[in-house]
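kindly return the folded structure for what I paste below:
(one chain, ligands or ions: 1)
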Amino acid sequence: MGSTLNVVVSNHELAREVLKEKDQHLADRFRDRSTALFSRDGQDLIWADYGAHYVKVRKVCMVELFSPKRLEALRPIREDEVTAMVHSIYNDCTAQGEALTLRKYLGTVAFNNITRLAYGKRFINSQGVIDKQGEQLRSIFSEGMKIVAPLDTLEHIPWLRWMFPLNEKAFAKNEARRNRFTHEIMEEHARASHTPGGKTQQHFCDALVALKDKYDLSNDTIVVLLWDMITAGKDAIAISVEWAMAELVRNPRVLAKAREELDRVVGGERVMSEEDFSRLPYLQCVVKEALRLHPPTPLMLPHRAGAHVRVGGYDLPKGTVVHVNVWAVARDPEVWENPLEFRPERFLESDVDMKGHDFRLLPFGAGRRVCPGAQLGIYLVASMVGNLVHHFEWESKAEIDMRENPGIVTYMKTPLEAVATPRLPDILYKRIPAPI
Ligand code: HEM
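Numbers count the residues shown, from 1 in each chain. You can find the predicted model right below:
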């Protein structure tokens with residue numbers, strides 16, 4: 001019925017063929033009507049086809065924005081936001097032991113982190129109140145959610161689309177708001193760097209303006225790149241941590257073992273920091289196991305054949321849309337023992353890379369389009385899970401609903417609710433603000 005050929009790849013051998021051996025012919029993106037309008041038909045990074053523009057902006061990301069040096073320089077922001085999360089959960093813990101909805105806190109950390117990293121701004125104050133600019137940003141997002149095409153399937157059946165015409169004017173208005181918002185922030189940064197004593201910071205916004213000439217970036221390109229970072233980063237982190245915590249709460253043995261490691265390595269007199277990661281191998285395995293069972297983008301993002309290509313012995317004509325089902329690959333009983341069991345020890349017994357080198361585990365994809373924010377994502381997820389486990393006892397009053405809410409990103413269908421009980425000295429629940 002549809003007119004786009006869609007192929008879903010669900011085992012690690014075919015995933016390797018798509019993302020490694022035939023990667024160069026399968027690195028374009030499929031854009032539905034909404035993503036085409038949002039990205040001005042691929043003028044950004046996420047939705048761009050593989051070509052000169054893509055190679056340039058991808059290089060800016062990999063070499064400049066996500067370089068180990070910059071990630072390290074931005075570490076105080078991540079640690080500040082994680083302590084802020086702990087602080088607000090602590091404040092909301094009641095003597096009656098009422099359950100908290102974790103997603104609210106996780107969403108705030110992810111949002112604050114990403115806006116501070118990208119724009120150098122925290123739009124939500126320490127009382128949890130959002131400022132005028134933050135409201136503006138939220139309203140641009142929620143307007144964007146309302147105007148997207150209502151039914152994914154229709155995007156592959158062009159002759160039925162007349163039933164759900166898109167409001168192109170609304171897209172143009174949303175884009176204009178987005179651009180105005182980002183330009184305003186760029187101007188604020190420019191003014192700050194020209195004031196006496198003002199210095200250029202490490203945030204993506206400053207970095208991109210400073211790199212404008214080196215990479216021949218237009219203002220429009222900077223605006224869309226900043227927007228890409230915000231949209232790509234904001235959901236995946238909160239989703240991953242919520243699933244990881246759900247697995248921990250329903251697996252008390254694993255939770256106790258992760259906590260025992262934190263108590264042994266970090267102790268009860270200080271908070272965990274990213275510098276502790278290398279001495280917390282079990283925590284790292286917990287994160288990996290959570291991303292194996294619950295990758296936040298189970299079908300990655302849709303790739304498209306830029307030329308005729310053969311995969312698994314089948315001919316895929318130019319334009320074929322290829323989805324790699326990383327969710328199914330990571331649950332394949334052919335390569336995983338008891339795949340549905342949440343057992344982080346499997347990674348202590350045999351190390352498996354999750355950043356695109358081992359095709360059995362691909363939460364970040366692999367190849368040319370592998371997630372550029374993978375390391376940042378791992379730092380944040382590990383730091384959030386580690387601090388939640390170290391600071392609180394966790395318990396659920398009801399059985400946890402592990403069903404998924406289907407979509408390009410997969411939240412838990414029912415938000416996780418759990419009772420948090422503080423377990424460290426009171427002094428360790430304070431936010432430690434970072435002045436960057
Ligand atoms: C746990 C966290 C995250 C997960 C699991 C994740 C996963 C993914 C996946 C599966 C893709 C698609 C790869 C493909 O199509 O082949 C992707 C793309 C992307 N991600 Fe992430 N991501 C995470 C966090 C982040 C963060 C924090 C950022 C930035 C702040 C980010 C930025 C991007 C961008 C810009 C792309 C598009 C890359 C391209 O098309 O070349 N991601 N991510």
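
the closest residue to the ligand within the stretch 251-400 of the chain: how many residues sit nearby?
Nearest residue of the stretch 251-400 of the chain to the ligand: Gly373, at 2.3 Å (C-beta to the nearest ligand atom). Yep, even glycine has a C-beta here, placed from its N, CA and C like the rest. Neighbours of Gly373 under the rule other C-beta atoms under 10 Å: 21.

can you name the element that comes right after the longest helix seen in the chain?
In the chain, taking DSSP state H as the definition, the longest helix is helix 219-250. Once the chain leaves helix 219-250, the next helix or strand it forms, by DSSP states H and E, is helix 252-265.

tell me the buried residues in that next one?
Val254, Leu255, Lys257, Ala258, Arg259, Glu261, Leu262, Val265 (16 or more other C-beta atoms under 10 Å).

let me see the residues that make contact with that helix.
For helix 252-265, the external contacting residues (C-beta atoms under 8 Å, 6 or more residues apart in numbering) are 247-249, 272, 276, 279-283, 286, 342-344, 386, 389-390, 394.

so which of those reach the ligand?
When contact is defined as C-beta under 6 Å from any ligand atom, the contacts of helix 252-265 do not meet the ligand at all.

are any of those residues buried, and if so which?
247-249, 272, 276, 280, 282-283, 286, 342-344, 386, 389-390, 394.

residues of the stretch 51-200 of the chain that sit close to the ligand?
Contact residues (C-beta under 6 Å from any ligand atom) of the stretch 51-200 of the chain with the ligand: Arg58, Ile114.

which parts of the stretch 51-200 of the chain are helices?
Taking DSSP state H, counting those that start in this stretch as the criterion, the stretch 51-200 of the chain carries its helices at 52-59, 68-73, 75-92, 102-119, 132-147, 168-194.

which elements pack onto the third one?
Taking 3 or more C-beta pairs under 8 Å, 6 or more residues apart in numbering; DSSP states H and E as contact, the helices and strands that helix 75-92 lies on are helix 102-119, helix 374-391.

mind putting these in CSV, mean pLDDT included?
Output for the helices and strands packed on helix 75-92, formatted as CSV (pLDDT from 0 to 100):
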stretch, mean pLDDT
helix 102-119, 93
helix 374-391, 98
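
what is the burial count for the closest residue to Gln375 other than its chain neighbours?
Leaving aside its sequence neighbours, Gln375 sits nearest to Leu71 (C-beta to C-beta, 6 or more residues apart in numbering; 6.3 Å). Using other C-beta under 10 Å, Leu71 is surrounded by 18 other residues.

what sits against the closest residue to the ligand within the stretch 1-150 of the chain?
Nearest to the ligand in the stretch 1-150 of the chain, going by C-beta to the nearest ligand atom, is Ile46, at a distance of 4.3 Å. By C-beta under 8 Å, 6+ apart, Ile46 lies in contact with Arg29, Ser39, Asp228, Thr231, Ala232, Leu301.

go with 7 Å
Residues near Ile46 by C-beta atoms under 7 Å, 6 or more residues apart in numbering: Asp228, Ala232, Leu301.

helix, strand, or coil at it?
coil (DSSP: H, G, I helix; E, B strand; the rest coil).

confidence score at it?
Ile46 carries a pLDDT value of 96.

still on that earlier bit, now render the buried residues of helix 252-265 as a markdown table, adding pLDDT and distance to Phe123.
Putting these into a markdown table (pLDDT from 0 to 100; distance: C-beta to C-beta, whole Å) gives the following:
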| residue | pLDDT | distance to Phe123 |
| --- | --- | --- |
| Val254 | 98 | 35 |
| Leu255 | 98 | 33 |
| Lys257 | 98 | 38 |
| Ala258 | 98 | 32 |
| Arg259 | 98 | 33 |
| Glu261 | 98 | 35 |
| Leu262 | 98 | 31 |
| Val265 | 98 | 34 |
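
can you put these in a markdown table and add distance to the ligand?
As requested, the buried residues of helix 252-265 are arranged in a markdown table below (distance: C-beta to the nearest ligand atom, whole Å):
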| residue | distance to the ligand |
| --- | --- |
| Val254 | 19 |
| Leu255 | 20 |
| Lys257 | 22 |
| Ala258 | 18 |
| Arg259 | 22 |
| Glu261 | 21 |
| Leu262 | 21 |
| Val265 | 23 |
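
let me have the residues you listed in TSV, extended by distance to Ser88.
TSV is the format used below for these (distance: C-beta to C-beta, whole Å):
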residue	distance to Ser88
Val254	25
Leu255	21
Lys257	27
Ala258	22
Arg259	21
Glu261	25
Leu262	20
Val265	25
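
near the ligand, which residues of the stretch 251-400 of the chain? Just list them.
Those residues of the stretch 251-400 of the chain that sit near the ligand, judged by C-beta under 6 Å from any ligand atom, are 295-297, 300-301, 363-365, 369-373, 376-377, 381.

who's in contact with Glu345?
Residues in contact with Glu345 (C-beta under 7 Å, 6+ apart) are Cys285.
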